[in-house]
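S.K.: Return atomic coordinates for the entry below.
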Amino acid sequence: MDQPRPKHVVIIPDGNRRWGEQHGISREEAYRIGIEKIADVAKWCREEGVPILTMWGFSTENFQRDPEEIRKLFGLFQRNLIEAVRRKEEKDRYGVRVRFLGRTSLFPSEVQGLFQEVERLTAGKGDYQLNLLLAYGGRAEIVDAVKAVLKEGKEITEESISSHLYTAGIPDPDLVIRTSGEQRLSGLLPWQSAYSELYFSQKLWPDFTRDDFMAALKFYENTGRRFGK
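M.R.: Next up, the predicted model:
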């Protein structure tokens, strides 16, 4: 019997830089195209009844990249966030709540302010949710959660750690999709993805289409999930 649609899909949108090299365009332009595709996937999720989409946008390890590349990427984040604030009425119409998860304090203060503004503007929208993992690392998340539990003087248990993760209150992902042909999670949600189904697409992220997304959903629906039982 087929599984129902996943309630929470996570995507590692890998391959932007390689795609840019293949097409002879700058990394900044390739990243811009990759960021814009997030809106397409959010639309596909809504059309297919997937209420929660999480995208990995920038990892803690990405801070080791060339400073100029990071500066340009931050600029893209900032421009897209400003546009998101300006288009508040459209977001209201589509009913999407946006959250930014990770060590977001590592971003420039003006970008942090935009994170907060977008979250404020979309806070009351509960039907569909888009989570963006920024300055995110799976090990860092677990370390931060354990520190928070200890700071409160609580016992270390699975429940106490789960309640202090960046994703606290968000269901664990049912399906994780990674593009570009790489078959690893690279630290993505190691605690939450313990029983997630994993789908690896050969497409580089900017080439990922709705048909590719539907193939991932079909893969999930044909998988028997037993959660160790």
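
S.K.: Only C-alpha atoms from now on, for both contacts and neighbour counts.
M.R.: OK.

S.K.: Next SSE downstream of the lowest-mean-pLDDT helix or strand in the chain?
M.R.: Taking mean pLDDT, DSSP states H and E as the measure, the helices and strands of the chain show their lowest mean at helix 88-94, namely a mean of 52. Beyond helix 88-94 in the direction of the C-terminus, DSSP states H and E gives the next helix or strand as strand 96-101.

S.K.: Dump the C-alpha coordinates for that following strand into CSV.
M.R.: Taking Å, rounded to 0.1, in the frame of the first residue of the first chain, the C-alpha atoms of strand 96-101 are listed here in CSV:
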residue,chain,number,x,y,z
VAL,A,96,3.4,30.6,4.1
ARG,A,97,5.1,30.9,7.4
VAL,A,98,8.9,31.4,7.0
ARG,A,99,11.5,30.5,9.7
PHE,A,100,15.3,30.8,9.7
LEU,A,101,17.0,28.1,11.7
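
S.K.: Buried residues in the helix or strand that it is followed by, which are they?
M.R.: If you walk from strand 96-101 toward the C-terminus, the next helix or strand you reach (DSSP H and E) is helix 109-122. With burial defined by 16 or more other CA atoms under 10 Å, the residues of helix 109-122 counted as buried are 111, 114-115, 117-119, 121-122.

S.K.: With stretch 39-52 instead?
M.R.: Neighbour counts using 16+ other CA under 10 Å place 41-42, 44-46, 50-52 of stretch 39-52 among the buried residues.

S.K.: next one: stretch 193-209
M.R.: Neighbour counts over stretch 193-209 (16+ other CA under 10 Å) mark 193, 196-201, 203-208 as buried.

S.K.: Centroid-nearest residue for the protein?
M.R.: By CA atoms, centre = their mean, the mean C-alpha position of the chain lies nearest to Met55, the distance being 1.8 Å.

S.K.: isn't there a helix covering that residue?
M.R.: No: judged by DSSP: H, G, I helix; E, B strand; the rest coil, Met55 forms no part of a helix; its state is strand.

S.K.: which residues does it contact?
M.R.: Contact partners of Met55, counting by CA atoms under 8 Å, 6 or more residues apart in numbering, are 10-13, 38, 130-133.

S.K.: Could you do Thr104 as well?
M.R.: Counting by CA under 8 Å, 6+ apart, Thr104 has contacts 112, 134-135.

S.K.: Can you lay out these as JSON lines showing pLDDT?
M.R.: Shown next, in JSON lines, are the contacts of Thr104 (pLDDT from 0 to 100):
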{"residue": "Gln112", "pLDDT": "90"}
{"residue": "Leu134", "pLDDT": "93"}
{"residue": "Ala135", "pLDDT": "92"}
